[in-house]
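*Asks:* Provided below for reference: sequence and predicted model.
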Amino acid sequence: MNDPTTGAQVRRSSVPPLIVTQDNAFWFEGVRQGKLLIQRCGDCGALRQPPGPVCPDCRSFHWDTIESSRRGTLHSYTVVHRPQDSAFTYPLAVGLLDLDEGTRIVADIGGTDPAELTIGMAMEVVFTEHAHGEVLPRLRPVSPTFQEGRTP
Ligand SMILES: [Zn+2]
């Protein structure tokens, strides 16, 4: 594909194809609506992530969802240098976030220099649209102006 203005070749890239199944479709639909949903067992109430058909605690097939606050603390992270994909900016920090609700989520981290990341820092989940319309969560440090108890 060529850029219509400059004629230069444009490399279009996107995230790897999303694997949407009957068990996780609700989660991807929530993300498209700007919601981070967490699956909750309909019998024992246990929360689980990633989505699955059966509660690992009581084996129930009944479930519903709660909407996450999208806030949590950084449990761990890594910084990826290679291989590079044009869908992302490198070095690419990828974090494991302990959500306030008690489940975890893995996503890339934006909005900060990876050298400034610290375990336990407050982060939030935001949503990013990629080249072919895919919407995925992204982690970013919580701005001090948005922390609880403060006003912008
Ligand atoms: Zn259960």
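*Replies:* Structure received.
*Asks:* give me phi/psi at the residue nearest the centre of the chain?
*Replies:* With distances taken as C-alpha atoms, centre = their mean, the residue of the chain nearest its centroid is residue 137 (2.8 Å). Residue 137 adopts backbone torsions of phi -70, psi 150, taken as degrees, to the nearest 10.
*Asks:* what's the domain layout of the chain?
*Replies:* 17-67, 69-152 (automatic domain parsing).
*Asks:* of the ones you listed, which shows the lowest average pLDDT?
*Replies:* Among the domains of the chain, domain 69-152 has the lowest mean pLDDT, at a mean of 87.
*Asks:* any idea which of the domains of the chain gets closest to the ion?
*Replies:* With C-beta to the ion as the criterion, the ion lies closest to domain 17-67 of these, at 3.1 Å. All C-beta spots, glycine's among them, are computed from the backbone N, C-alpha and C.
*Asks:* quick one: the closest one near the ion?
*Replies:* Yes - Domain 17-67 reaches the ion (C-beta under 5 Å from the ion) through 41, 43, 44, 46, 55, 57, 58, 60.
*Asks:* much appreciated, bye for now.
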